[in-house]
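**Student:** what's the 3D shape of this:
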Amino acid sequence: MKRIKTIAVAAGAVAAATSLSVGAWAATGYSHPAPKKQAAPAARPNANAAAEPAGAPATEVQPKSAAAATGLVKPGQILHVGKWVRSPNGKYGLILQTDGNLVLYQGKKALWSTGTGRQAGASAVMQTDGNLVVYSTAKKALWSSNTGRHAGATLAVQDDGNLVIYSKAKKALWSRHVTLGSLRPGYDLPQGQAVRSMNGDYTLSQQTDGNLVLYRGKTALWSSETGRNPGAYAVMQTDGNLVVYSKAKKALWYSNTSGHPGAALEVQNDGNLVIYSTAHKALWSRHMAVASLAPGQKVSTGNAVRSSNGVYTLQQQTDGNLVLYKNGSTAIWSTSTQGSGVYSLMQTDGNFVVYQGTKPLWSTKTTSPGATLAVQDDGNLVIYSKDHRAIWASRK
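**Tutor:** Coordinates of the predicted model:
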């Protein structure tokens, strides 16, 4: 039985933008009845969603002319439509457009935006609580930097092309490369950019090799295993699905959480990566996949795959046994495997295998390149071929 090599979790270099340099301040620089078909990821949406800000909007203060000259937007200042804030060297400019989009330009090239277009009359303010917010004409928050509770923070348009919010102590709190806490519905995570936990300990990075990786410091904790796809990017879709797309807009990996409009991805202070519904119900986490395993995906020790209805859980236990549970406590199927460091892998050749290191302990003995494993809502485990034929099931 041939083992297919998996993509390294930390494939490729970590994006340089996952850390914020304070030094730039000086420069202000995936039976019976019939098996169910797995749903495909929804189409990529347009990025135009709201993020709730911390704190109340500041009282309007007309920016002084010095803000444009120094590249700084001070606490309480408003960015008015059509008014530029330029870096000290004049190469970069931040402007609130008439369509409501706040955009950073290098000449005529757009480098970054809040994705708040089609909101004519919107306003942007660097609040006194440290939050940068774009508001609609109805005073609804369309986007925010999520940097409230940092009274006196300042926004800087730097000579190196970075856009950074600094605390009063000149500590970098946010930049155009690193979002804080969450990825809101409708927003992209392009290559080289990241989402960092609020405490700064964990970083979800969209690497330049296409792999989406969660790090603690330099230690990789989880990845989408989508390396070798330069130009790939992640999208937290408005339907609730987190998807990694190739440069050609082909879905490489997805959380399988569509059908939950408005769900958001959070990088938590405890190191967990969780997708929450609008009612703050956990839909997916880095420890718990939903409904299926795609080719090349594995279930590490202590991790699991849960059915869409939440009734059934396929758990890779610490004793080496892979067990299917109903309602979290009743075991209804298992591989009867034992050992430490055991994990299960849905291989790209269509075989689902339980390994201890490089030694296979159990397998479905199936061959069908591109096949997927489904944990169904009826409690059946089924392997489907690419043309959606059931080629193996736990319950005959």
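**Student:** where do the helices sit along this structure?
**Tutor:** Using DSSP state H, the helices assigned to the chain run over residues 65-70.
**Student:** Low-confidence stretches in it?
**Tutor:** 1-70 (pLDDT under 70).
**Student:** In contact with Met236: list those residues for me.
**Tutor:** For Met236, the contacting residues are Leu183, Arg184, Pro185, Gly186, Tyr187, Leu189, Leu242, Ala263, Ala264, Leu265, by Cβ atoms under 8 Å, 6 or more residues apart in numbering. Using the backbone N, CA and C atoms, a C-beta is placed for each residue, glycine as well.
**Student:** beta partners for it?
**Tutor:** Tyr187, Leu242 (DSSP bridges).
**Student:** before we move on, what about Tyr276?
**Tutor:** Beta-bridge partners, per DSSP bridges, of Tyr276: Ala264, Ala282.
**Student:** do you know how far it is from Ser336?
**Tutor:** 36 Å (Cβ to Cβ, to the nearest Å).
**Student:** quick one, which of those two is more surrounded?
**Tutor:** Taking other Cβ atoms under 10 Å, Tyr276 and Ser336 do not tie; Tyr276 has more neighbours (21 against 12).
**Student:** For Leu94, see how far away Gln356 is.
**Tutor:** For Gln356 relative to Leu94 (Cβ to Cβ), the value is 54 Å.
**Student:** what does Thr367 give?
**Tutor:** On the measure of Cβ to Cβ, Thr367 and Leu94 end up 56 Å apart.
**Student:** With Ser175 instead?
**Tutor:** For Ser175, the distance to Leu94 - Cβ to Cβ - is 13 Å.
**Student:** Mutual contacts of those two, please.
**Tutor:** With Cβ under 8 Å, 6+ apart, Ser175 and Leu94 have common neighbours Leu163.
**Student:** ok so, going back, farthest-separated two in the contacts of Met236?
**Tutor:** Leu189 and Ala263 (15.2 Å; Cβ to Cβ).
**Student:** Which one's more surrounded, the two?
**Tutor:** Ala263 (27 against 21).
**Student:** quick one, phi psi at the more buried one?
**Tutor:** phi -60, psi 150 (degrees, to the nearest 10).
**Student:** Was I right to think it contacts Tyr276?
**Tutor:** Yes: the pair Ala263 / Tyr276 is scored as a contact, 6.2 Å apart, by Cβ atoms under 8 Å.
**Student:** any common contacting residues for these two?
**Tutor:** With Cβ under 8 Å, 6+ apart as the test, Ala263 and Tyr276 both reach Leu283.
**Student:** ok, back up a step: with distance to Val195 as new columns, can the contacts of Met236 be given to me in TSV?
**Tutor:** Converted to TSV, those look like this (distance: Cβ to Cβ, whole Å):
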residue	distance to Val195
Leu183	5
Arg184	10
Pro185	14
Gly186	14
Tyr187	10
Leu189	7
Leu242	11
Ala263	15
Ala264	11
Leu265	7
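**Student:** nearest to Trp392, of those?
**Tutor:** Leu242 (27.8 Å).
**Student:** Tell me, how many residues neighbour that closest one?
**Tutor:** Count around Leu242 with other Cβ under 10 Å applied: 26.
**Student:** Go ahead and confirm it touches Asn256.
**Tutor:** No: in this structure Leu242 lies outside contact range of Asn256 using Cβ under 8 Å: 9.1 Å.
**Student:** so what sits against both of those two?
**Tutor:** Contacts common to Leu242 and Asn256, judged by Cβ under 8 Å, 6+ apart, are Trp284.
**Student:** My read is that Trp143 contacts Thr114, right?
**Tutor:** Yes: using Cβ under 8 Å, Trp143 is in contact with Thr114, at 4.1 Å.
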